[in-house]
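[1] need a 3D model of the sequence below.
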Amino acid sequence: MKKAVFFSLLLFSNIFSCPLTFQSCLAKIKNFKVVEKDSLYIPLKDGNLLIYNPKKIKDRQNYDPFLNLYIIKHYNYEKFPFLFGKDKNKELASINEEIICGSIKKEQTGLDDFAKFSKKAFVPGLVLNSCCELFGINTKKGVISKEYIKHFIKYGPNYGDVGIRVKDINNSVVVVSKNPFILNGFEVGDKILKIDGKEVKNSSDFYKKILFSKIGKTCRFDVKRENDNLMFFADIYRRKGGGFVSDSFLESYDIYLDRDLKILSSTKLSNFKKGDKILMINSQKVKNEKDIRKVLSKVKDDIVFLINREGFEFFLHLRISPK
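    Numbers count the residues shown, from 1 in each chain. All right, here's what the predicted structure looks like:
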C-alpha cells in the first residue's frame, strides 16, 4: 500500500513539476502581451522587438517573408528582454496560453523543413528553457530555430543558394533537385562531402553553411558522383524561395505560387498572369512544388507550361537563361 502511494505521488510530481518550472516564463509572456491571436511580439535586447506574424504588416521595416518575421526598435522593452538559449540539454517548453513541456526532436533543415517539437502544442508559441531563454518559435510549419532567427536579426532576409536541394539518404547528403536557372557543377544524385574543406555532416548542416553564407561568395565543393570524387567551385546566389514562400525554382524568375500552383505574382517578361494555374511542365503533370523542382531538374533549354487561365488552357514557353 505504501509503495502504491509512493509511486502515485512520484507520478503526480513528474506530471506537474515541468509546468510549475515554467510558470515564471508564462507570467513574463502574459505580462509583456507577447501573444496576440496568431502573432507574437517578443522583446529582445538592444531595444529590438521581434514580431512573428503570418499576415503581412503594411508598415513593415525589416521583414523576412521566408519566416514571417519582422524586427523593429521598441525601447520600452529594454529592461527584461528574452535572451537566446545556449544549453540544448535543458528541458524545453512551447508556451502560448498554456505550457507544453517537451524537446526539439528534429533540427531545422533549411527554409523548407522547420524543426519539430516533440509534442503537439498551440501555435504560435515560444520555445523556451526554464530560464525563459528563447530556442525557437513554434508555427504551423514547425519550429523556427534560434539560429535562423539570429541570422535574420543580424543580416536581414538574406540567405544564400547554390541552386540545389538536398536530402539525407543512407547517411549521405544527396542532391535531389537542381535549379536550371542557376549555373553550377552539380548533378542530381551527387553526394556532398565537403564545403570549403569542411565536412558536411547532414542536410541541416549543409543548409546552414549555404544559407548563412555571404551572397556573392565562391565556395569549393567536394562531391562524390557515382564512383568518382570531384571538386569544383560554385557561387552563392540570393535565395528567393522557401519557408512561407513558394520554392519551385521558378522564383528565380520572380514567379511565385500558392499551394494550388496558381501564380501569385510574376514579372511581365514571363507572360504569366496572377491566377494562372500550372497544370503540366514539358508534358509532365505537376501537383506540387516538389513535382515542379523534379521536372525542372531535367530541363536543358526551353520550358513548356500548360496553363489554365480562367478555364482556358494554353501553352506558355519560358527560355532558360542561367545566371
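[2] what about the most centrally placed residue in the chain, distance to Ser266?
    By Cα atoms, centre = their mean, the mean C-alpha position of the chain lies nearest to Leu111, the distance being 2.3 Å. Here Leu111 is placed at a distance of 21 Å from Ser266 (Cβ to Cβ, to the nearest Å). Using the backbone N, CA and C atoms, a C-beta is placed for each residue, glycine as well.
[3] Thr218 too?
    Counting by Cβ to Cβ, the gap from Thr218 to Ser266 is 30 Å.
[4] kindly report the same for Lys194.
    Where Ser266 is concerned, Lys194 sits at a distance of 37 Å (Cβ to Cβ).
[5] who has more neighbours, these two?
    Ser266 (19 against 15; other Cβ atoms under 10 Å).
[6] contacts only, for that one.
    Ser266 makes contact with 253-256, 272-274 under the criterion Cβ atoms under 8 Å, 6 or more residues apart in numbering.
[7] where's the closest residue to Ile104 other than its chain neighbours relative to Gly102, distance?
    Setting aside the residues directly before and after it, Ile104 is nearest to Ala115 in space (Cβ to Cβ, 6 or more residues apart in numbering), at 5.3 Å. Distance, Ala115 to Gly102, using Cβ to Cβ: 12 Å.
[8] and what of Lys120?
    The value you get for Lys120 to Gly102, if Cβ to Cβ is used, is 9 Å.
[9] equivalent analysis for Lys178, please.
    From Lys178 across to Gly102, the span is 37 Å (Cβ to Cβ).
[10] of those two, which one has the most company?
    Remark: of Lys178 and Gly102, Lys178 carries more neighbours, 23 against 17, as counted by other Cβ under 10 Å.
[11] do you know the pLDDT at the residue nearest to that one when sequence neighbours are not counted?
    With sequence-adjacent residues excluded and distances taken as Cβ to Cβ, 6+ apart, Lys178 is closest to Ser297, at 4.6 Å. pLDDT for Ser297: 95.
[12] report the contact partners of Ser297.
    Contacts of Ser297 by Cβ under 8 Å, 6+ apart are 177-180, 188.
[13] now the terminal residues of stretch 285-301, how far apart.
    End-to-end distance of stretch 285-301: 19 Å, with Cα to Cα, to the nearest Å as the criterion.
[14] that stretch: how far from the chain's middle?
    How far stretch 285-301 lies from its chain's middle: 21 Å, per Cα atoms, centre = their mean, to the nearest Å.
[15] thinking again about what came up before, want to throw the contacts of Ser297 into TSV with pLDDT, distance to Phe206 and secondary structure?
    As requested, the contacts of Ser297 are exported to TSV (pLDDT from 0 to 100; distance: Cβ to Cβ, whole Å; DSSP: H, G, I helix; E, B strand; the rest coil):
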residue	pLDDT	distance to Phe206	secondary structure
Ser177	97	14	strand
Lys178	96	14	strand
Asn179	95	15	coil
Pro180	93	20	coil
Val188	97	15	coil
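[16] now the buried members of those residues.
    By neighbour count, with 16 or more other Cβ atoms under 10 Å, these hold 177-180 as buried.
[17] biggest separation within the residues you listed, which pair?
    Ser177 and Pro180 (10.0 Å; Cβ to Cβ).
[18] overlap in contacts of these two?
    249, 296-297.
[19] of the residues you listed, which is the nearest to Phe135?
    Nearest to Phe135 among the shared contacts of Ser177 and Pro180, counting by Cβ to Cβ, is Phe249 at 31.6 Å.
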